[in-house]
Structure formats: C-alpha cells, structure tokens
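Asks: for reference, the sequence and a predicted model appear below.
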Amino acid sequence: MTWFDSMFGATLRRRFPSQQEDVPEIETWARLVTRETPLPEVFERALIRLGHHDRDASYVIFQPADQWGSRCTAPRLVAWDGAHLDIIIQRDTALDTQRFPVDSIETIQRGRILLYSWLKLDATVGGRQITRIVEFNTVVESVFNKLIDSVRKARAGIEHASDYQVEPARTLLSSANQQARRLLAYARGSLLRGEQVISVHTCVEEGRPLRYGGRFRKRTYIPGPYVIVLTSHEVIEIHEDWRLPTQQKRYGAIWEFAPLS
C-alpha cells in the first residue's frame, strides 16, 4: 500500500465511519410505551416522580436520540394523564422537565413537511410564557396524532364522544372550489368528535412576498393558502408550508389549534 492509499483510506474513515456502528433508523423512531417497553432508568424514575405509576393509565411516548442532517434531538419522553402533559428531555446527565396543566395550554401547533413532523405547545405556566417543540418522524405520526387529539379534547372541554354534525362537515367540502378542496379536506379530517362547524374562511391565493435577512442574507418567502374553521369549541387554522418563490410544489401543512375557553 502506498502512502497516498493509506492517507486516502484514513480520510474516508474519518468522513464516513463504519456502517456497522450505525444505529438502524427504526430504532430512533418515537414509540408508544407499554408495560413491556424497556426505558432508561433515568426516565423510569422521572415517570414515577411525576405520578405516572400505571403505564396503562397514562399515554406515554418515548423518543430515542436521533440525528439527521444538521438536526439533532436528545432522548425525550412525552407523558399525558388526562390533566397534565409532561415533556422530559435528557440533556447530558440532567433532565429538563416541563409540566403543562391542560388549562395552561393556549395553542397547539402540528406541522408536517415530508418526513419531518413536529408538535409545538404554547402555554402560560406560573405566569411565564413557555414554548416546547417535540420533533419526530412522520412515519410515526399516528402515535402523536392520538396524543394531540386527546389534549385538544381535554382543553376544549369535550366530555362526550358523540359524532359531530354530518351536514356541516359535508358542506365544508362540497362548497369549495377545486383549488381549496385539499385544505378543506385537511380541515374536515381535523374535526374532533363532538365539535360542530360554525363558519369557514378560506384563502387560496398566495400572499405578498416577505423579505427576511440582514446584511449578508436575503430570502423571499410567500405564505401559502390557508383555511380557518370556527367550531363550537376551538379555532382551527391550517396553511400549507411556506415556500421559496422558485418552488412550485407543496410538501406539507401546518395546523394551529386554539381553544375558545
């Protein structure tokens, strides 16, 4: 082996580490915690300390550490007991724990852009404005969608799981033109059982360009079309992801849920 070959091989090993040490992608996905789900001991103790003694009585999601591109997420746990939503993040050897009483949650944002999804909470806890974001792979969105719907239902004060009125839901789709049907389909699928549609506002046109940036960077984004639905319990706003003016395709949507109470 020549000197050049040995140096070139060392460079490749630094840039591209051995694939045998890579963690399988599925092992980094968030998963629902059951009695049989093994958890790091530090999270087990945190669950007990927060009152989640019975895993069958709480809805718990565990998310291992993950990294993709420039993003990196620390191991975290999300636990819901019907009255509190707890988010526990492991930072080195310490835990960052935040408890959200259901009445403190002001808005819930649900975003989905291709395989990148997130849950964002805005709340006022102890007189302080607090925001928490939980990122996850869209592949496991059904696990988080059930959690989001449960929190929305508790926050909006929906006690009975009766079906929402069918006629307003049908009108929500049939009254739209072809350009707005996709957004209205998002809205119809976002209704909770027990909600009634009061009014719907749609805007299918692109907004004016917005310029962000400083001295060395300038970007122009255009807000996508949106729909706002007023129900008997909350306000639902849905808009497609923002894009660069040179792009023509949409890759996802963002949902905002704000309770009326």
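Replies: Cool, got the structure.

Asks: give me the neighbour count for Ser142.
Replies: 9 (other CB atoms under 10 Å). Placement of C-beta: from N, CA and C, glycine included.

Asks: can we start the residue count at 42 from this point?
Replies: All set: I'll call the first residue 42, so the last point we hit is now Ser183.

Asks: list the contacts of the helix or strand where it lies.
Replies: If you go by DSSP states H and E, Ser183 is part of helix 182-197. For helix 182-197, contacts defined as CB atoms under 8 Å, 6 or more residues apart in numbering pick out 71-73, 100, 102, 119, 121, 123-124, 126, 143-144, 146, 149, 151, 153, 158, 160, 175, 177, 233, 235-236, 274-275, 298, 300-302.

Asks: drop anything exposed from the residues you listed.
Replies: In the contacts of helix 182-197, burial by neighbour count holds for 71, 73, 100, 102, 119, 121, 126, 143, 146, 149, 151, 153, 158, 160, 175, 177, 233, 235-236, 274-275, 298, 300, counting by 16 or more other CB atoms under 10 Å.

Asks: could you look up the SS state of Leu233?
Replies: Secondary structure, DSSP: H, G, I helix; E, B strand; the rest coil: Leu233 is coil.

Asks: residue contacts, it?
Replies: Per CB under 8 Å, 6+ apart, neighbours of Leu233: 190, 193-194, 197, 199, 205, 274.

Asks: let's see 10 Å
Replies: When contacts are counted by CB atoms under 10 Å, 6 or more residues apart in numbering, Leu233 touches 190-191, 193-194, 197, 199, 202, 205, 272, 274-275, 277, 298.

Asks: of these, just say which sits nearest to Val245.
Replies: Nearest to Val245 among the contacts of Leu233: Ile277, at 16.9 Å, using CB to CB.

Asks: for the closest one, grab phi and psi.
Replies: For Ile277, the backbone dihedrals are phi -110, psi 120 (criterion: degrees, to the nearest 10).

Asks: now swap in Pro105 and tell me
Replies: In terms of degrees, to the nearest 10, the main-chain angles of Pro105 are phi -70, psi 170.

Asks: and for Ala228?
Replies: Note on Ala228: backbone dihedrals following degrees, to the nearest 10 are phi -70, psi -40.

Asks: Ser240 contacts Ala228, doesn't it?
Replies: No: contact criterion CB atoms under 10 Å: Ser240 and Ala228 do not qualify, at 11.7 Å.

Asks: Ala228: neighbouring residues, count only.
Replies: For Ala228, using other CB under 10 Å, the count is 25.

Asks: now do the SS call for Arg140.
Replies: strand.

Asks: show me which residues of the helix or strand Arg86 falls within are buried.
Replies: Arg86 is part of helix 82-90, with elements assigned from DSSP H and E. Buried residues in helix 82-90, counted by 16+ other CB under 10 Å: 84, 87-88.
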